[in-house]
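# Got a sequence here, can you model it:
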Amino acid sequence: MDFETIRYDVADRVATITFDRPDRLNAVNPAMIRELDIAYRAAEDDDDVWLVLVTGNGRAFCAGADVTDIPEDGKGIAPEPFLSRYAHWEAPQEATPPFRTMAKPIIVAVNGLCCGAGLDLVTTGDIVIASERAEFFDPHVSIGLVSGRESVRLAKVLPRTVALRMALTGRHERMGAERAYELGLVSEVVPHDMLLKRAREVAGLVNRNAPLAVRGTRLAIHKTLDLPLHEGEILAEAFRERVKLTEDALEGPRAFVEKREPVWRAR
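The predicted model follows:
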């Protein structure tokens, strides 16, 4: 696929989506929103893709919305007429994958500066790996805006007081990669030059497993986070029962007994 603001590549059952506006610190503009929507849908619909990897080109991962593209009417950077369809009445997602409706896992490789809407990928991604050069902050209050969904999502991932400190100090204080790891915002920090190699290694580890079981497990976690424990258990078991009816659910035990690597077919 040919894009202007991102790169899209598929190899080894991994769709790699790279934010590619390095001169603008990979800030999100309307064209990027449109292209990301196409890329995320393409990855989800491609049977040869089992996992999505998102990263950035240059010294920034994503600097949030491109403020030079926000119109003076204050209606944000929606790529279509304002409030023209249901998605516009939801919290704006900008660069975020449609993680609530996707089944395939998402790995986020944070290569550098990450702020504003870029934080959304960190707080909603399934596995987040950071370069030692990564830095995190939320600049909204520093440019006169309320930190909305970004701070709400941060408060779900970070301790409340830490999320508040990040939201209220704005661009005047940044969190380094090691501190982000200590607090659980990211799961691993690696040398900068090893980031993509390590992210692809982890993608390979995930893809060694049964893809439908991976998707069902991911959904079982995502769909039950806000449910009471018992209701969450029942829903998660429903996902398990669905996968038990697949060919891969038979192949796994068979390969174990025969002492060989399973051959997954995602069916």
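
# Assign a three-state SS to Arg7, would you?
strand (DSSP: H, G, I helix; E, B strand; the rest coil).

# For it, the count of nearby residues, please.
Counted with other C-beta atoms under 10 Å, residues neighbouring Arg7 total 16. All C-beta atoms are positioned from the backbone trio N, CA, C, and that covers glycine.

# Ok, Pro191 next?
11.

# Correct me if wrong: it contacts Arg133.
No - at 9.3 Å, Pro191 and Arg133 do not qualify as touching, with contact defined as C-beta atoms under 8 Å.

# and the spatially closest residue to Met32 that is not a sequence neighbour, what is it in contact with?
Leaving out its chain neighbours, the residue that sits closest to Met32 by C-beta to C-beta, 6 or more residues apart in numbering is Thr5, at 4.0 Å. For Thr5, the contact set (C-beta atoms under 8 Å, 6 or more residues apart in numbering) comprises Phe19, Asp20, Arg21, Asn29, Ala31, Met32, Glu35.

# Any figure for the gap between the nearest residue to Val157 once chain neighbours are set aside and Glu231?
In this structure, Val157 finds its nearest non-sequential neighbour in Thr123, 4.9 Å apart by C-beta to C-beta, 6+ apart. To Glu231, Thr123 is 23 Å away according to C-beta to C-beta, to the nearest Å.

# And for Trp89?
In terms of C-beta to C-beta, Trp89 sits 27 Å off from Glu231.

# Equivalent analysis for Leu212, please.
Taking C-beta to C-beta, one finds Leu212 at 23 Å from Glu231.

# Compare neighbour counts for these two and give me the winner.
Leu212 (22 against 11).

# tell me what the one helix or strand that one maps to is packed against?
Leu212 is part of helix 211-222, with elements assigned from DSSP states H and E. If contacts are counted by 3 or more C-beta pairs under 8 Å, 6 or more residues apart in numbering; DSSP states H and E, helix 211-222 sits against helix 229-243, helix 247-257.

# Take those helices and lay them out in JSON lines including mean pLDDT.
Formatted as JSON lines, the helices and strands packed on helix 211-222 follow (pLDDT from 0 to 100):
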{"stretch": "helix 229-243", "mean pLDDT": "97"}
{"stretch": "helix 247-257", "mean pLDDT": "96"}
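
# all helices for the chain, in order.
For the chain, the helices defined by DSSP state H occupy 30-45, 118-124, 149-157, 160-169, 177-182, 195-207, 211-222, 229-243, 247-257.

# Test my guess that Lys104 contacts Asp47.
No - if you go by C-beta under 8 Å, Lys104 and Asp47 don't touch, sitting 10.7 Å apart.

# more neighbours, these two?
Lys104 (23 against 9).

# mind checking pLDDT for that one?
pLDDT for Lys104: 98.

# again, but for the one 10 residues further on
The per-residue pLDDT reported for Cys114 equals 98.

# same thing with Tyr86?
For Tyr86, the predicted pLDDT is 83.

# Outline the domain layout of this protein.
Listed domain ranges for the chain are 6-207, 210-258 (source: the TED database).
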